[in-house]
Every structure is written in structure tokens, then in C-alpha cells.
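A.B. asks: what follows is a predicted protein model with its sequence.
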Amino acid sequence: MIGRLNHVAIAVPDLEAAAAQYRDTLGAKVNPPQDEPDHGVTVAFIELPNTKVELLHPLGDGSPIQGFLDKNPSGGIHHICYEVEDILAARDQLMESGARVLGSGEPKIGAHGKPVLFLHPKDFTGTLVELEQV
Ligand code: CO
């Protein structure tokens, strides 16, 4: 069902410092930060030859990553995103197998303008999984 690794998302307390580290120390191509008010985050995409890294920073009150940063003040891996061809078919198959989909269960439009869903980390070896339809 799942295809390519689309991105790894890292929550960071200081977006500018993290972007500078990836750009200057690791020599990666870092895109300018974008605010994603629907998701409560500011995102900076890092383009690697085979995948992307998303640096996530809280935006506004009640950001879904604020609690994560409270528990992990220096930041950390927040989620991984796998590509699927048909997100509704993937959701239905996963829910039939007992996996929990976060939120309403309806896909939202993610940071790349494509439908996404999140799966409960307790159902997937402690890892928050994002599915993105490509
Ligand atoms: Co993501």
C-alpha cells in the first residue's frame, strides 16, 4: 500500500537556526519558510536527492506540535510521511485492520497541496505516520 518516503518531519524550537544548520553545516538546499495556518505550523522544506525533510515550528496558539516541543525542548523527529496512490482506499483498509486515523478521518490538504491523513502513533510502533496521496 505505501510507496515512497515523501518526507521526515522534525519539530524545531528555532526554525532559523535549524534552517541555517541544514544549509550551512550540512550543505542542503533549504527553501524559505512557509506559514501553514490551517495546520498551526511554519514549515521549511529541505530538498534531498531522494526525499525531503520538513522543519516544523509552531504557528499561533494551540499548534499541534507545541506539546511535542514542550516534551522535547531541543526538538526531534515528529512524523514520517509515506506516499499512497489512493488515500481513501488506504484509510478504509487501515481502519478495517483496526488502525486509528487522527481527527475526523477525512483527509486535509497538506503542506504540499495534496490530501493527507495522520495515523495514531500507538498503532505504528510509536511513530506518527502521515499518508499523502500523490
Ligand atoms: Co508532514
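C.D. replies: Yes, it's here. Residues are numbered from 1 along each chain as shown.

A.B. asks: what does the chain put close to the ion?
C.D. replies: 9, 81, 130 (Cβ under 5 Å from the ion). Every C-beta, even on glycine, is put in place using the N, C-alpha and C of the backbone.

A.B. asks: burial measure for the closest residue to residue 45 other than its chain neighbours, as a count.
C.D. replies: Distances taken as Cβ to Cβ, 6 or more residues apart in numbering place residue 31 nearest to residue 45, at 4.6 Å, with adjacent residues excluded. Residue 31: 13 surrounding residues under other Cβ atoms under 10 Å.

A.B. asks: quick one: contacts for residue 31?
C.D. replies: 44-47 (Cβ atoms under 8 Å, 6 or more residues apart in numbering).

A.B. asks: now, which of the residues you listed sits nearest the ion?
C.D. replies: residue 45 (9.9 Å; Cβ to the ion).

A.B. asks: what's the following helix or strand after the helix or strand hosting the closest one?
C.D. replies: Assessed by DSSP states H and E, residue 45 sits inside strand 41-47. Following strand 41-47 in sequence order, the next helix or strand is strand 52-58 (DSSP H and E).

A.B. asks: can you pull the alpha-carbon coordinates of that following strand into PDB?
C.D. replies: Extracted in PDB, the C-alpha atoms of strand 52-58 (Å, rounded to 0.1, in the frame of the first residue of the first chain):
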ATOM      1  CA  LYS A  52      12.600  15.800   1.800                       C
ATOM      2  CA  VAL A  53      13.000  16.900   5.400                       C
ATOM      3  CA  GLU A  54      10.400  19.300   6.800                       C
ATOM      4  CA  LEU A  55      11.400  21.500   9.600                       C
ATOM      5  CA  LEU A  56       8.300  22.300  11.700                       C
ATOM      6  CA  HIS A  57       7.900  25.200  14.100                       C
ATOM      7  CA  PRO A  58       4.700  26.100  16.000                       C
END
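
A.B. asks: direction included, what does it pair up with?
C.D. replies: strand 5-11 (parallel), strand 41-47 (antiparallel) (DSSP bridges).
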